[in-house]
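Asks: when you get a sec, could you give me coordinates for this:
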Amino acid sequence: MSKTMTKFQLDHFRAKVKRQFNPMIEEQELLVKQYKTEATDKAVSKLSKKIGADKIIDKFRQAEKMLEEARATALTFFERKKPKDAELEYKFTRAGRNSSYSDDITLSDCEDQLRTWASELAQREIERRPEGLKLKQLKELKTKALDVVMESGTPDTLAIALDNVSKKIGLRWNQELTALPNFKQ
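Replies: Numbering: from 1, shown residues only. I've put the predicted structure just below:
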């Protein structure tokens with residue numbers, strides 16, 4: 001009769017799978033993020049031109065610049081014209097001008113939307129690159145290893161099955177430890 005595994009053994013095997021796969025997955029995700037950022041930056045301008053948003057954003061940028069100049073001129077005007085002992089209303093103070101709540105659409109809102117769309121396009125493109133494919137394979141192997149843990153009946157068969165999965169990423173499930181050298185002084 002085969003010995004069944006305890007919850008603690010299953011937890012141990014799951015943790016070991018994660019220790020083996022997570023560093024490689026995280027490294028590959030960082031590499032993919034680098035490519036995604038570059039691809040997104042390129043895609044923003046291409047997408048902007050393709051859908052005609054570049055003209056609108058340029059107009060918006062010019063309008064916001066003019067608006068900011070007009071606000072600065074108005075603030076200077078009212079600051080100079082106020083009576084010496086009078087205070088300007090709250091909206092003229094720094095806190096009133098920096099209100100983060102607004103129902104108005106801003107240039108930043110438009111640029112953020114374009115970047116979101118471009119990022120999704122870049123993600124699909126990255127998944128076709130070798131780096132993206134490798135990341136996908138690593139995640140699939142990790143999932144397979146976790147499935148093996150949950151589907152295996154005994155620790156012995158589990159170790160053999162996990163060794164087969166680990167070989168695909170260049171690791172061994174049961175790694176031999178080397179002895180420390182004898183340090184004599």
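Asks: by mean pLDDT, point me to the weakest helix or strand of the chain.
Replies: Ranking every helix and strand in the chain by mean pLDDT, DSSP states H and E puts helix 94-97 at the bottom, with a mean of 56.
Asks: next structured bit after that one?
Replies: Per DSSP states H and E, helix 94-97 leads on to helix 107-126 as the next helix or strand towards the C-terminus.
Asks: next, the buried residues of that following helix.
Replies: 107, 110-111, 114-115, 117-119, 121-122, 125-126 (16 or more other Cβ atoms under 10 Å). The way it works is simple: take the backbone N, C-alpha and C, and place the C-beta from them, glycine included.
Asks: against which helices or strands is it packed?
Replies: Counting contacts by 3 or more Cβ pairs under 8 Å, 6 or more residues apart in numbering; DSSP states H and E, helix 107-126 packs against helix 7-51, helix 53-81.
Asks: between those helices, which gets nearest to residue 169?
Replies: Nearest of those to residue 169, taken as Cβ to Cβ: helix 7-51 at 6.2 Å.
Asks: what average pLDDT does that closest one get?
Replies: Mean per-residue pLDDT for helix 7-51: 88.
Asks: any idea how far residue 86 is from the residue most central in space within the chain?
Replies: Nearest residue to the geometric centre of the chain (Cα atoms, centre = their mean): residue 33, 6.8 Å. Between residue 33 and residue 86 the distance, using Cβ to Cβ, to the nearest Å, works out to 54 Å.
Asks: double-check residue 171 against residue 19; I have them as touching.
Replies: No. Contact criterion Cβ atoms under 8 Å: residue 171 and residue 19 do not qualify, at 10.2 Å.
Asks: between the two, which is the more surrounded one?
Replies: residue 171 (13 against 9; other Cβ atoms under 10 Å).
Asks: for residue 37, see how far away the more buried one is.
Replies: Going from residue 171 to residue 37 by Cβ to Cβ gives 29 Å.
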